[in-house]
Structures are given as structure tokens and as C-alpha cells.
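In: Structure for this input, please:
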Amino acid sequence: QLQLVESGGGLVQPGGSLTLSCGTSGSTFRVHAIGWFRQAPGKEREGVSCISRAGGSTNYADSVKDRFTISRDNAKNSVYLQMNSLKPEDGGIYYCAAGDYCLGYSPTGIESWGQGTQVTVSS
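Out: Okay, here's the model as predicted:
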């Protein structure tokens, strides 16, 4: 089972940008689709974006499309989420998860979750 670690969260003003990273030391990283999820206080966890094993396919929730970009570097066992034009409603805890393949903007068969990184969008 992969041990996933997120980083890059923080406080940013509306309209600003952040890049989140999801990394692991596991050797099987490249055989997993990776998804990003977020959970705002009092709300359910929701899928944000998913990237296929080789990175050739990416999907986004409508709420983040054209603002967020997911990418991966399998040589570095890392997946990134570039977030631009951030809005207050983008705030929450962001989690990455490893699964089998992307079904829409979430991976199926999730076997590992990271511990999350906090994103706060506020002036």
C-alpha cells in the first residue's frame, strides 16, 4: 500500500495561486491513477481532479475546470495540482488518493489516501 504525503497548502488571497504536491516512496506509484479530493468544513469530501497512470488523461470537476491543472512526474513519484484564480469556496483540506483508473474526476478502487493539506483562500 502506498504511503502518500501531500504538501503545498497554505493561506492565499482570492485570485491567487498554489501548487499542491502528492508524493510517495512506493515503487508502484506509476501503476496507479491519482486523484485529488477536497473537503470543506461541514461538507462531504468531493473529487476535484484525476490523472491516469501515464499522465496522458486528465479530468476535472466543473467547479475547477480551466483553473486547476493536474500533472505527474513518475520519475519523481509525484503528482501536482496547480491551482489558479482561487476562490474562497476552493478552501478546505486537499487529499490525494491512489486507485486503479480514473472514472470521471475520481479514481476507482482507491487503496491509499494521504493525510491532507489545508488550503485557505481568504483576504
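In: isn't Leu86 right up against Gly16?
Out: Yes - proximity of Leu86 to Gly16 meets the contact threshold set by CB atoms under 8 Å, at 5.4 Å. Every C-beta, even on glycine, is put in place using the N, C-alpha and C of the backbone.
In: Mind listing the shared neighbours of these two?
Out: Here Leu86 and Gly16 share the contacting residues Val121, scored by CB atoms under 8 Å, 6 or more residues apart in numbering.
In: Settle it for me: which of those two has more neighbours?
Out: Higher neighbour count among Leu86 and Gly16: Leu86, with 22 against 14, using other CB atoms under 10 Å.
In: show me the contacts for that one.
Out: Taking CB under 8 Å, 6+ apart as the criterion, Leu86 is in contact with 12, 14-18, 67, 119, 121.
In: Over to Thr117?
Out: Applying CB under 8 Å, 6+ apart, we find Thr117 in contact with 6-9, 20, 93-94.
In: Following the chain onward from the helix or strand that Ile70 is a member of, which element is next?
Out: Mapping Ile70 onto the secondary structure by DSSP states H and E places it in strand 68-73. Counting by DSSP H and E, the element after strand 68-73 in chain order, helix or strand, is strand 78-83.
In: gap between that following strand and the chain center?
Out: Between the centre of strand 78-83 and the centre of its host chain there is 6 Å, according to CA atoms, centre = their mean, to the nearest Å.
In: Show me what the helix or strand that that strand is followed by pairs with in its sheet, parallel or antiparallel.
Out: Scanning the chain past strand 78-83 towards its C-terminal end, the next helix or strand to appear is strand 92-99 (assignment: DSSP H and E). Using DSSP bridges, the strands paired with strand 92-99 in its sheet are strand 33-39 (antiparallel), strand 112-113 (antiparallel), strand 117-121 (antiparallel).
In: Can I get those strands in JSON lines including distance to Asn74 and mean pLDDT?
Out: Below are the strands paired with strand 92-99 laid out as JSON lines (distance: least, CB to CB, whole Å; pLDDT from 0 to 100):
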{"stretch": "strand 33-39", "distance to Asn74": "10", "mean pLDDT": "98"}
{"stretch": "strand 112-113", "distance to Asn74": "16", "mean pLDDT": "95"}
{"stretch": "strand 117-121", "distance to Asn74": "21", "mean pLDDT": "98"}
